[in-house]
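Q: just the structure for this:
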Amino acid sequence: MDNSNNAIEVKNIKKKFKIFIDKGSELKERILFKERKQYEEREVLKGISFDVKKGEAIGLIGHNGCGKSTTLKLLTRIYYPDEGTIEMDGRVSSLIELGAGFHPDMSGRENIYTNASIFGLSHKEIDERLEDIIEFSELEDFIDNPVRTYSSGMYMRLAFSVAINVDADILLIDEILAVGDANFQRKCFDRLRELKRKGTTIVIVSHSLGQIEQICDTTYWIEDGLIKESGIPRFVHERYMYEMERKRILQVEKEQLRRQQRRRAEAEKKEEEEARKEAKKSERQKAKEEAKRQKEEEERQKAIAENPEIVDNFKKEIPFFCEQDAIRVGTGEAEFTDVKLTDKDGNEKYIFDTDEDIYLRIKYKAHKEGLKGVLGFGVFRQDGLHCYGTNTAIESNQPIDLQKSGEAVIRIKNNLLPAYYYLDTALHGIDGVKYDDIVRTKTFMTASFLHDIGISRIKSTFTVDGKTYKMGEQEHGEQ
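A: Below you'll find the predicted structure:
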């Protein structure tokens, strides 16, 4: 050991595994089907180094497959590194594969002797600890029964009790702190704290960041086989959760956009098919269908003129650019043909950061010449709270001269705090008649990794004792 105060010294360890595509399990298969031996090498650890002082507790965190459990198995010498060195000072007890070495036909008492001997205890040392192990496991009434008769919870209790009663200098723990019921879990935590107070060095791998914060002095964040960050658990965990949430929402956005692109492609294919069918129709057929449509439209407009509220009954087919649970009503004199939410460069998006501009890009068509209208949108939180709404009449007090084929771009300054939102779109006549009104045209998310509370961000500045604190940043100076 380079430093006598260290219990563990890990220096630039690397580890790779062969991942076989299809490997024969029998000798005959391996001889006859040699091509099954194809494999790829996956480098799990790419050179990590850290020291753990005697009596220190550290946590290893990271997403599945990042290399944290492999690191722990290297420490227990289940695996050996391809490169680098690991030095450990003291007796090691591992809570990785709880119950490894238990024999199902042996009693709990017999398995205690077998399992504890694996950790390096002599028969005499096991005798001295036997009652403590049985008492901690709370299995006094079942200790002489075969282990195969135990429930999974009883099995784990016994294994845990053995592992923490071997007076180890170094304790290695991998995702096993959810042992038994709530009371037993609390007892396990209390024992781990007691072991730490007595000077036991502890290394924990867990996805439960709260557990690590309760026990550990330092967290090491492993990502893609390297240590990305280390330090005080609470601060490292905050940045880790930020990164995990960022990756999660990017994945959500990819899936959402993929669904939207698929619906767009299906709509385009349907339009092409309808266009081909229309092209095959005779002129007489086309004239007959057009006359029928005009008659239906005249009857509908007459009904609307007599009772404007009846417009809500004219529900229309939900177009491809809308959410599948959208509701669409209107006379159809003018209608939306496409709606997108994009960034400033026109890239379609589903997730926007707080303070990031949202661009609402709308295409429409008018079926009458000289038609005037009002274009607007509304934003609702998923629970139905109306967050904001406006239209061209509110903003400019002027009607729009609707074109046969038109386009609008609305830049929205997004101050909304993280949540799921619905966006409604509306195209009305200047008299309030709904040409095209779509509820839940689009859904989107707002993401922010600051800690504002409420619906939207209202910018504020704090000046305390001459120091200015603004939007998560600290500035120095007199005001």
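Q: which secondary structure elements does the longest helix along the chain contact?
A: With residue count as the measure and DSSP state H as the assignment, the chain has helix 233-280 as its longest helix. Under the contact definition 3 or more CB pairs under 8 Å, 6 or more residues apart in numbering; DSSP states H and E, helix 233-280 sits against strand 57-61, helix 209-215, strand 218-223, strand 226-231, strand 351-353, strand 434-447. Backbone N, C-alpha and C define where each C-beta goes, glycine included.
Q: what lines up beside the fifth one in the sheet?
A: Spelled out, it's strand 351-353. strand 434-447 (parallel) (DSSP bridges).
Q: show me what whatever helix or strand comes next after the partner strand packs onto, helices and strands only.
A: Secondary structure here is assigned by DSSP states H and E; on that basis, the next helix or strand after strand 434-447 toward the C-terminus is strand 461-464. Contacts defined by 3+ CB pairs under 8 Å, 6+ apart place strand 461-464 against strand 467-470.
Q: in the strand it packs on, what counts as buried?
A: If you call a residue buried by 16 or more other CB atoms under 10 Å, then strand 467-470 has no buried ones at all.
Q: and what of stretch 433-446?
A: Neighbour-count burial for stretch 433-446, with 16+ other CB under 10 Å as criterion, is recorded at 434-446.
Q: list the contacts of the residue nearest to the spatial centre of the chain.
A: To find the centre residue of the chain, average its C-alpha atoms and take the closest one (CA atoms, centre = their mean): that gives residue 248, at 3.5 Å. Contact partners of residue 248, counting by CB atoms under 8 Å, 6 or more residues apart in numbering, are absent.
Q: mind listing the helices for the chain?
A: Listed in chain order, the helices of the chain (DSSP H) span 27-32, 68-75, 108-118, 123-137, 152-163, 182-197, 209-215, 233-280, 283-306, 392-396.
Q: could I get these as a markdown table with distance to residue 371 and mean pLDDT?
A: Below are these laid out as a markdown table (distance: least, CB to CB, whole Å; pLDDT from 0 to 100):
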| stretch | distance to residue 371 | mean pLDDT |
| --- | --- | --- |
| helix 27-32 | 75 | 60 |
| helix 68-75 | 64 | 90 |
| helix 108-118 | 83 | 88 |
| helix 123-137 | 81 | 90 |
| helix 152-163 | 71 | 83 |
| helix 182-197 | 67 | 83 |
| helix 209-215 | 58 | 86 |
| helix 233-280 | 24 | 81 |
| helix 283-306 | 13 | 71 |
| helix 392-396 | 14 | 92 |
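Q: out of the ones you listed, nearest to residue 10?
A: With distances scored as CB to CB, the stretch of the helices of the chain nearest to residue 10 is helix 68-75 (7.7 Å).
Q: contacts for that closest one, please.
A: Taking CB under 8 Å, 6+ apart as the rule, helix 68-75 contacts 8, 10, 13, 15, 44-45, 48, 60-62, 79-81, 86, 88, 92, 94, 96, 172, 174-175, 203, 205, 222.
Q: list the buried ones in it?
A: Going by neighbour count (16+ other CB under 10 Å), the buried part of helix 68-75 is 68-75.
Q: what's the answer for stretch 385-393, then?
A: Of the residues in stretch 385-393, those buried by neighbour count under the rule 16+ other CB under 10 Å are 391-393.
Q: contacts only, for residue 203.
A: Taking CB under 8 Å, 6+ apart as the criterion, residue 203 is in contact with 8, 52, 57-60, 72, 75, 170-173.
Q: could you redo those as TSV and give each row distance to residue 412?
A: Below are the contacts of residue 203 laid out as TSV (distance: CB to CB, whole Å):
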residue	distance to residue 412
8	53
52	51
57	48
58	46
59	42
60	43
72	48
75	52
170	56
171	54
172	52
173	49
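Q: closest to residue 281 out of the helices and strands packed on helix 233-280?
A: For the helices and strands packed on helix 233-280, distance to residue 281 was read as CB to CB. The smallest value, 27.1 Å, belongs to strand 434-447.
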